[in-house]
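[1] Can you look at this prediction? I've put the sequence above it.
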Amino acid sequence: MRASALTTHLERRAAVHSVDCFVYSVPDLAEAEHFYLAFGLDVRRRADHLELRTHGHPHVWSRVHEEGTAKRLQYVRYGIHARDLDEMHERIEASGLRTTPHELSDGQGLWLRDPDGTPLQLVVADKVSPAAKSRPTPVVPVPPGQGAAPARSRVQPVRPRHLSHVLSFTPDVTRMVEFCRTVLGLRVSDHSGDLIAFMHGIHGSDHHLVAFAKSHARGLHHSSWDVGSLDEVGRGSEQMRIAGYEQGWGVGRHVLGSNYFYYVRDPWGSWAEYSYDIDYVPAGLDWPAADHPPEDSLYVWGPPLPADFITNQEYPA
């Protein structure tokens, strides 16, 4: 582990507080509906898109539209506090990155493009990123002399509780980190050279609200969804295999972020993650960011990494 220029923090100022919604398109909405219902999300059909929610939570975490012949990340909407609106507006104007609203959006808020050309929407909204470290699902203690595991036929479906983060591809990780620091107000949590970087929000968020992995082009690598136990991560993997989604990676534990994980490959070659017990960065904490060697940054334990895990399927080389 070594210090790096990427670990230099900003003074506290206006900053996004949540990934309010990520919006993308796929060739077939029915295929997306089947996948995310199997994954355990609350999927609702609207006139021209799907809403991805989590059961018992009112927020819409993602919208999926039907368009084209390949999956495409269309835009990302970030939430900001009302008191930060004027400063964010001035910052966008000064950066020269202002753009027009995306055609699939409601047109509200501030619009800009990130260095890779992905449209970003900034809206005044309630903070939906966690206000504290996610708590484990309560478990009733089982006394000695009784079996703790349920019968297979009585296993309850896994239902994620909220969106934890999204990880995108970028041709230039260092450039994207600088943009997120100076324009969006995010801070670096950890990184591994210019291969991958993880960033958190100054208002309190998981170890990474967003992350970026190096590729030849932009694109969405995975969305990560919080569950309440390591057992739920394992049950989620089985749930998806039974539903016909047999390709995945895990169960394992990450180094950076510390979370237990299982990734399942979606119908378009990207991934959805069950995540449990990710590190949390409270508001005001100066997280000790560092540069980690690649061989000591990805996972503590777990099965070997699939050869194509970090392949950009959205824009094939």
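    Nice, I can see it.
[2] C-alpha only now, for contacts and for neighbours.
    Will do.
[3] and for stretch 26-39, what are the contacting residues?
    Stretch 26-39 is contacted from outside by 42-43, 49-50, 52, 64-72, 158-159, 236, 239-240, 243, 266-268, using Cα atoms under 8 Å, 6 or more residues apart in numbering.
[4] Give me the pLDDT for residue 42.
    Looking at residue 42, its pLDDT stands at 98.
[5] Likewise for the one 10 residues further on?
    The predicted local confidence for residue 52 comes out at a pLDDT of 98.
[6] From residue 276, how far off is it?
    Distance, residue 52 to residue 276, by Cα to Cα, to the nearest Å: 19 Å.
[7] Those two: who's more crowded?
    residue 276 (27 against 23; other Cα atoms under 10 Å).
[8] so the more buried one touches residue 226, yeah?
    Yes - because the distance of 5.8 Å satisfies Cα atoms under 8 Å, residue 276 is recorded as touching residue 226.
[9] Just list what the host helix or strand of residue 174 packs against, helices and strands only.
    Using DSSP states H and E, residue 174 sits within helix 173-179. With contacts taken as 3 or more Cα pairs under 8 Å, 6 or more residues apart in numbering; DSSP states H and E, helix 173-179 sits against strand 196-200, strand 210-214.
[10] at 6 Å instead, please
    Helices and strands touching helix 173-179, as assessed by 3 or more Cα pairs under 6 Å, 6 or more residues apart in numbering; DSSP states H and E, are absent.
[11] Name the next helix or strand downstream of the helix or strand harbouring residue 65, please.
    Per DSSP H and E, residue 65 falls inside strand 62-66. Next in sequence after strand 62-66, counting helices and strands by DSSP H and E, comes strand 72-80.
[12] who does that next one pair up with?
    strand 18-26 (antiparallel), strand 119-124 (parallel) (DSSP bridges).
[13] Pipe those strands into a markdown table and attach mean pLDDT, mean neighbour count and distance to residue 197 per row.
    Output for the strands paired with strand 72-80, formatted as a markdown table (pLDDT from 0 to 100; neighbours: other Cα atoms under 10 Å; distance: least, Cα to Cα, whole Å):
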| stretch | mean pLDDT | mean neighbour count | distance to residue 197 |
| --- | --- | --- | --- |
| strand 18-26 | 98 | 22 | 17 |
| strand 119-124 | 98 | 22 | 19 |
